[in-house]
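A.B. asks: coords please:
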Amino acid sequence: MTCDLLRERERTRRRVLWALASFHPGDSNASELLTILDELDDQEQSGTSCSDKPLELIEVRNSVSAKRHNSGIDIIMEQAIPQPWRERFHQASIGSTRLVDGYYATDWDKFLAGWEAEMRHLEQHRAARHQ
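C.D. replies: Next comes the predicted model:
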């Protein structure tokens, strides 16, 4: 998979996760969204990406560290974020401000916490679907 396809996959994932947030687990109206997310997960597991197997959330959290910018603000260097997490963060951050040298570390932390919450919500939907 090319990096353009990775970008499109993560753009789709972001849109679907945002849409899923408006449904309660077990809502039948979420079934199409869950199917899309299942397909995206299958694509990722089959290794069809421009990166190796993605790091788990805890691994990426531990591997990407903030750097003190000369402005006094902690930043995350874009190159320090492994794929597909870099693209996921980028898609979630479209329209956000950043420094030329990197992303605000607080935005990175907020993204990781939000991702964790989204994955809990997704798992609740998947569990409710199989009941």
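A.B. asks: What are the boundaries of the helices in this protein?
C.D. replies: Ranges of helices in the chain, per DSSP state H, are 3-20, 31-45, 57-63, 85-93, 105-129.
A.B. asks: Now for residue 30, how many residues are close by?
C.D. replies: Residues lying near residue 30 (other Cβ atoms under 10 Å) number 21. The way it works is simple: take the backbone N, C-alpha and C, and place the C-beta from them, glycine included.
A.B. asks: contacting residues around it?
C.D. replies: 20, 23, 125 (Cβ atoms under 8 Å, 6 or more residues apart in numbering).
A.B. asks: Which residue comes closest to it once chain neighbours are left out?
C.D. replies: The spatial neighbour of residue 30 that comes closest, neighbours along the chain excluded (Cβ to Cβ, 6 or more residues apart in numbering), is residue 23 at 4.0 Å.
A.B. asks: what about this protein, any weak spots by pLDDT?
C.D. replies: Along the chain, segments meeting pLDDT under 70 span 1, 47-52.
A.B. asks: give the contact list for the residue nearest to residue 30.
C.D. replies: With the criterion set at Cβ under 8 Å, 6+ apart, residue 23 makes contact with 29-30, 33, 125.
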